[in-house]
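In: one predicted model, sequence on top.
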Amino acid sequence: MNDEFGRLRAIVQSTEPKKREKTRKNLVFLSFCLCKSASIPIAKYILYTHQKKIKLYFIFFIVLLFYISKTIAQPTPDLIPYRKGNFWGYSDVYKKIKIPCEYEEVKLFVNELAKVKKNGKWGLIDKKGSIFVECEYDLIYGASKKHAIIVCKGGDKDGNNGKWGLIDNYKGEKIELKFDLIRECFLPNTWGAIKNGKWGIINRQAFWQVQPEFDVSTLENHPFKEEQIIDFGAKNNNVSNIYQKIRFFRERSRVGKNGFWGFINAYGNPLLPLEYDYVSEYNNDWVLVKKGKKIGFWHFDREKNIPLLYDWDKSHYLHQKFSENKVQVKKDGKWGYINANNEIIIDFKYYEAHSFENEVALVNTTPDILLPSWEIIDKNGKTIFQIDNQKYNILDYQFKGKALRLQEKNTKNIYLIDTKGAFLNEKQPYQQATFLYDGYWKIVDLNNKMGFWHDEIKKQIPLEYDFLKAINFNPEFKNGIFKLYKNQKCGLINTKNEEILPFIYEDIKFPIDFKPELPTLTRLCVKENNLWGVINLKGKKMIHYKYSSIMPFENGITKIKNKNEEVIGYIDGLGNEFWE
């Protein structure tokens, strides 16, 4: 560092007085570059390649910019929820109150509006603190004055059994509550809505684009997002999985009417006639259709589809999905495979058959239900490997990645075999093997040590980490970084088993917007001695350990809670507390 400042000093001393007139313009240029980059390496490059432009104020300026780059390391909202006693308002990043603390609860601004609660009811305010929608609703969603506002009165926490309304370009008029439920349907500027127990589609003017006359069978994954975005997009927040809704995929939705099922477009026109006893969801652009005891397959972009020629099997229909341009079907009690042109590519000779993965599939060649004879076949139906049914049970009916799980009947130990039938862990049995994502398997040996196996051997992570079932049932893996435990301490590693953070913490929480490529700017919540603090991805302590409960960082701020999980207030990445 001393060498760098020596070089700076020499450059400043060489500056010619007659060029001082250009100082201001050059400093603006340099300021823009440094602020945009917020990077010392880029700052050095600018310094070395623009030596003739450096002026007398450079050393002071570079120190100032260094401080600024530190403060903007975690960009924060321009208005941050601020608590004063029992009431909430908003302040700027310097904790100067911008919107008075007069609300029972507030949410972060989404675009130009924020949700606020007064007298137990929710409304919306703008960034000037002006009331946009009065606080009189149990649920409210909106992010822009020029876009739709959705409200609900009554019902449960998700608005079920309540009364809903929608208004576009709100001007203060009364919002008519004429719907039994409103949900996003994955189409822009339209929403699914229920009236008298039937689903339809409404537009931004709250008119029926599709009349409410349909049933649905798709379980939704969530109600609306807490702080909703303008187009009420399809971000999955896993809030609920018990409610049903109309849902579009590629501008088509599966619906039912009078006990028959098909697909409609955004205007209610049938794309697949509503005449089937059952239609499946999309799978590789195909849907399975059933009428009576026969099934076929429908593809919306093909002139010819597969007619109702094959047997309905209630125990297997959910697994009959096109994979690698082929699907297993049953005819006259035997299973075989056809392609997309309805051509038989593997004869009907199996008593059970499953989908192809990596050009192999699992089939049963005996009618004995209690002692099936499983084989791995290739795309031509040739047997690659026969599983010893006297010794093993199969745990999967389809390869996951490039492996299949077998369980030894006597010991209950688990083994993985590859697509050629070769054992991957014959000498080291597992007590657990779970396919995760991105080709990774979580594996646990008989000594409760956990590691990870990948289709590519080079990415294997050895069995040296603690298996804590309550914590590690599905270990956290985010942007190439694993959160694991060793000797009951938490740390981070990458996919090469290189330590990113040492195993010295009680717990770690990734930020929502985790960016491992920016280690000094990233904020992770870490726990020691039962208290939470904050570090960056280099392990540098940014905020001391003093909080009982903390939420993951998002957009440069996070919530702090007390021991009863009640929100105390917000902090930023530098530890500034926005409460008093």
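Out: Sure thing, it's come through.
In: any regions of the stretch 151-300 of the chain where pLDDT drops low?
Out: Low-confidence segments of the stretch 151-300 of the chain, defined by pLDDT under 70: 218-244.
In: wouldn't C101 be in contact with P81 here?
Out: No: using Cβ atoms under 8 Å, C101 is not in contact with P81; the gap is 9.7 Å. (C-beta placed from N, C-alpha, C; glycine too.)
In: which neighbours do the two share?
Out: When Cβ atoms under 8 Å, 6 or more residues apart in numbering defines a contact, the residues bordering C101 and P81 alike are W88, G89.
In: what about these two, which has more around it?
Out: In this view C101 and P81 are compared by other Cβ atoms under 10 Å, and P81 has more residues nearby, 26 against 19.
In: which helices and strands does the helix or strand the more buried one falls within pack with?
Out: Using DSSP states H and E, P81 falls within strand 80-84. Contacts defined by 3 or more Cβ pairs under 8 Å, 6 or more residues apart in numbering; DSSP states H and E place strand 80-84 against strand 87-91, strand 97-103, strand 567-572.
In: tell me the mean pLDDT for that strand?
Out: Mean pLDDT, strand 80-84: 97.
In: next, the angle strand 97-103 makes with that strand.
Out: For strand 80-84 against strand 97-103, the angle by axes from the mean of the first three to the mean of the last three Cα atoms, to 10 degrees is 60 degrees.
In: and for the residue lying closest to N169 once chain neighbours are set aside, the neighbour number?
Out: Nearest non-adjacent residue to N169, counting by Cβ to Cβ, 6 or more residues apart in numbering: K146, 6.0 Å away. Residues near K146, counting by other Cβ under 10 Å, number 9.
In: now do N160
Out: By other Cβ under 10 Å, the residues close to N160 number 16.
In: residues contacting I246?
Out: Going by Cβ under 8 Å, 6+ apart, I246 touches R183, C185, G192, W199, G200, I201, F214, V216, T218, S253, V255.
In: could you find the closest non-adjacent residue to it?
Out: Excluding the flanking residues, the one nearest I246 by Cβ to Cβ, 6+ apart is G192, at 3.9 Å.
In: give me the beta-bridge partners of that neighbour?
Out: Taking DSSP bridges as the rule, G192 bridges to R183, I201.
In: what's the domain layout of the protein?
Out: As assigned by automatic domain parsing, the chain contains the domains 2-71, 138-276, 281-350, 506-580.
In: redo those as CSV? Include distance to G85.
Out: Shown next, in CSV, are those (distance: least, Cβ to Cβ, whole Å):
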stretch, distance to G85
domain 2-71, 28
domain 138-276, 24
domain 281-350, 51
domain 506-580, 8
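In: what's the closest of the ones you listed to Y397?
Out: Nearest to Y397, of all the domains of the chain, is domain 281-350, at 6.7 Å by Cβ to Cβ.
In: what about that closest one, distance to the chain center?
Out: What separates the centre of domain 281-350 from the centre of its chain is 32 Å, taken as Cα atoms, centre = their mean, to the nearest Å.
In: that older thread, from E517, how far off is the residue nearest to I246?
Out: Distance of G192 to E517, computed by Cβ to Cβ, to the nearest Å: 39 Å.
In: those two: who's more crowded?
Out: Neighbour count, other Cβ under 10 Å: between G192 and E517, G192 has more, with 27 against 9.
In: so who does the more buried one touch?
Out: Shown in contact with G192 (Cβ under 8 Å, 6+ apart): I182, R183, E184, C185, W199, G200, I201, I202, K245, I246, R247.
In: show me just the buried residues among the residues you listed.
Out: For the contacts of G192, a burial check counting by 16 or more other Cβ atoms under 10 Å picks out I182, R183, E184, C185, W199, G200, I201, I202, K245, I246, R247.
In: from the residues you listed, which is closest to C490?
Out: Minimum distance to C490 across the buried ones among the contacts of G192 is 36.2 Å, recorded for E184 (Cβ to Cβ).
In: now the helices for this structure?
Out: Under the criterion DSSP state H, the chain contains helices at 2-13, 23-37, 40-49, 58-71, 469-472.
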